[in-house]
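Undergrad: sequence and predicted model, in that order:
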Amino acid sequence: MASEPQGGLTEYIQHHLHHNTVSLGDGAFMKIHVDSILVAFLLGAVFCLWFWLKARKATSGVPSKGQAFVELIVEFVDTQVKDTFHGDRRTVTPLALSIFMWVTFLNAMDLLPLDAPSWTVKTAAGAEVAHHTFFRWVPTADINTTVGLALAVFFIVLGHGVKAKGGLGFGKELMTAPFHASNPVVVAILVPFNFLLNVVEYLSKPVSLAMRLFGNMYGGELVFMLIAGLFAGWISFLPGVLFNTAWAIFHILIILLQAFIFMMLTIVYIATAREHH
Amino acid sequence: MDINLTFLGQMVSFAILVWFTTKFIWPQLNHAIEERQKKVADGLAAAEKARAELKDADAKVANEIKQARQQANEIIERAQQQANQIVDKARAEAIGEANRVKANAAEEIVSMQQRAREELRGWVGRLAIQGAEKIVQREVDANAHKAMLDQLVAEI
């Protein structure tokens, strides 16, 4: 598809930035990205199946290598949670583990060949169908995925806040923190400011979570596409391979780092929500 | 960059994932890990205890060996004393026996001497009478001269 160097690359990139979309109704909102949902769900299922199989046969005796590896990941996550969050970890660690593994898996899709889906469709159904079929298989480079994750985390954080302080206590803290006062009149004056500040603080959390992950993965994907443009010419082919390899190796770091950051921030938000001010 | 219903779908996926992990993955794995941690801790404690016990046992064994050696020495000493006593006793008995035998022999010698002397004396008396008969040429009345003969025999 990227046969022409100039307009070809632009078209190539634009083509690869299209999601496989299904419209459920009128308007821009009533659409679903089938590729993101499908890949994310499948990878989540892979994670569940893998860990479930290991967890089912887990023994406290000498572990198999597979079990040891899984335990390594679980203990790593649990250590992070333990260091940040001081309380009942029975729901927090599984949450952190799910986030870490799922985001890692979704990010890692970036390392698979960019053109593999279109090549498959082209081989199976011809170039004409491939031209109209879109499939992006990095779900975290789709802002819907990261927003969905971040919003879920946001609600979980709110839930932890309400559970730790009670509905009234949580509402009261929204109004009276972070600016405290002993005089009731001053307290009343400070209510709107406190409330506004807290709303901004709470909303900034999911926004930053979603944007950080999306930006990193989207940017990474774009760089892959630009490098893929180098493969179009004979002279630039070898540099293209070198750049691609270098970027892929560097991207491994980003994949794990972004997953780790998403997990850590979630834990930190939960720990903060449970704190009393 | 368009936000649409996809994010709701991803939220549902995520919720399922978290539920599954909380329910089926984390408890089992955590249980296994904690159990193993406990086992390892117990094992280390047991090893430490065993080491201490070994040390105690070593000390006890050394002590016992020392006592046994002492006892053995005592027994040997006593046995030597006993042996000496037995030897002494045997020697004393042997000496006593020898003395007795010697005394018996001496007595016998003396009695044999006596008998020989008596016999000799008889012989001498008879020879003397015969000689005297020859000299006197007649029969000597043994009875008449008995007193004189006895005196003669006693003088020999």
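TA: Thanks, I have the structure now. Numbers count the residues shown, from 1 in each chain, chains lettered A, B, ... in the order given.
Undergrad: residues from chain B in reach of chain A?
TA: Contact residues (C-beta under 8 Å from any C-beta of the partner chain) of chain B with chain A: B:1-11, B:13-18, B:20-22, B:24-33, B:35-36, B:38-39. Quick note: C-beta positions are derived from backbone N, CA and C, even for glycine.
Undergrad: touching, A:Arg274 and A:Gly159? I think so.
TA: No - with contact defined as C-beta atoms under 8 Å, A:Arg274 does not reach A:Gly159; the gap is 10.6 Å.
Undergrad: ok so, going back, make a ChimeraX selection of whichever of the residues of chain B next to chain A turn out to be buried.
TA: Those of these that count as buried under 16 or more other C-beta atoms under 10 Å in any protein chain shown are selected in ChimeraX with:
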select /B:4,5,6,7,9,10,11,13,14,17,18,20,21,22,24,25,26,28,29,30,32,33,36
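Undergrad: from the residues of chain B next to chain A, which land in helices?
TA: Judged by DSSP state H, helices contain the following of those: B:6-11, B:13-18, B:20, B:26-33, B:35-36, B:38-39.
Undergrad: residues near A:Ile249, how many?
TA: Residues lying near A:Ile249 (other C-beta atoms under 10 Å in any protein chain shown) number 10.
Undergrad: where in chain B is pLDDT low?
TA: Filtered on pLDDT under 70, chain B yields the residue ranges B:1, B:138-144, B:156.
Undergrad: try the stretch 101-250 of chain A
TA: Within the stretch 101-250 of chain A, not a single segment meets pLDDT under 70.
Undergrad: tell me where it has helices.
TA: Taking DSSP state H, counting those that start in this stretch to define them, one finds helices in the stretch 101-250 of chain A at A:116-125, A:127-132, A:143-176, A:184-230, A:237-274.
Undergrad: go on, chain B?
TA: Using DSSP H, the helices found in chain B span residues B:6-20, B:26-136, B:146-155.
Undergrad: check which helices and strands the first one is in contact with.
TA: Translated: helix B:6-20. Applying 3 or more C-beta pairs under 8 Å, 6 or more residues apart in numbering or on different chains; DSSP states H and E, one finds that helix B:6-20 contacts strand A:31-33, helix A:34-56, helix A:92-108, helix A:143-176.
Undergrad: pick the most deeply packed of those.
TA: Highest mean neighbour count among the helices and strands packed on helix B:6-20 (mean count of other C-beta atoms under 10 Å in any protein chain shown): helix A:92-108, with a mean of 25.
Undergrad: ok, A:Pro239 touching A:Gly229?
TA: No - contact between A:Pro239 and A:Gly229 fails when scored by C-beta under 8 Å: they sit 11.5 Å apart.
Undergrad: neighbour count: those two, which is higher?
TA: Comparing A:Pro239 with A:Gly229 by other C-beta under 10 Å, the one with more neighbours is A:Gly229, at 18 against 13.
Undergrad: the more buried one contacts A:Glu11, doesn't it?
TA: No - the pair A:Gly229 / A:Glu11 is not scored as a contact, 10.6 Å apart, by C-beta under 8 Å.
Undergrad: turn the helices and strands packed on helix B:6-20 into JSON lines, including distance to chain B.
TA: Output for those, formatted as JSON lines (distance: least, C-beta to the nearest C-beta, whole Å):
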{"stretch": "strand A:31-33", "distance to chain B": "4"}
{"stretch": "helix A:34-56", "distance to chain B": "4"}
{"stretch": "helix A:92-108", "distance to chain B": "4"}
{"stretch": "helix A:143-176", "distance to chain B": "3"}
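Undergrad: any chance of these in a markdown table, plus distance to B:Gln151?
TA: Below are the helices and strands packed on helix B:6-20 laid out as a markdown table (distance: least, C-beta to C-beta, whole Å):
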| stretch | distance to B:Gln151 |
| --- | --- |
| strand A:31-33 | 175 |
| helix A:34-56 | 144 |
| helix A:92-108 | 148 |
| helix A:143-176 | 157 |
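Undergrad: which one of these lies nearest to B:Val61?
TA: B:Val61 sits nearest to helix A:34-56 of all the helices and strands packed on helix B:6-20, at 48.7 Å, using C-beta to C-beta.
Undergrad: so is the helix or strand just after the closest one next to chain B?
TA: Downstream of helix A:34-56, the first helix or strand assigned by DSSP states H and E is helix A:65-84. Yes - using C-beta under 8 Å from any C-beta, helix A:65-84 reaches chain B at A:67, A:70-71, A:74-75, A:78.
Undergrad: can you pick the most crowded of those?
TA: The most crowded member of these, judged by other C-beta under 10 Å, is A:Val74 (26 neighbours).
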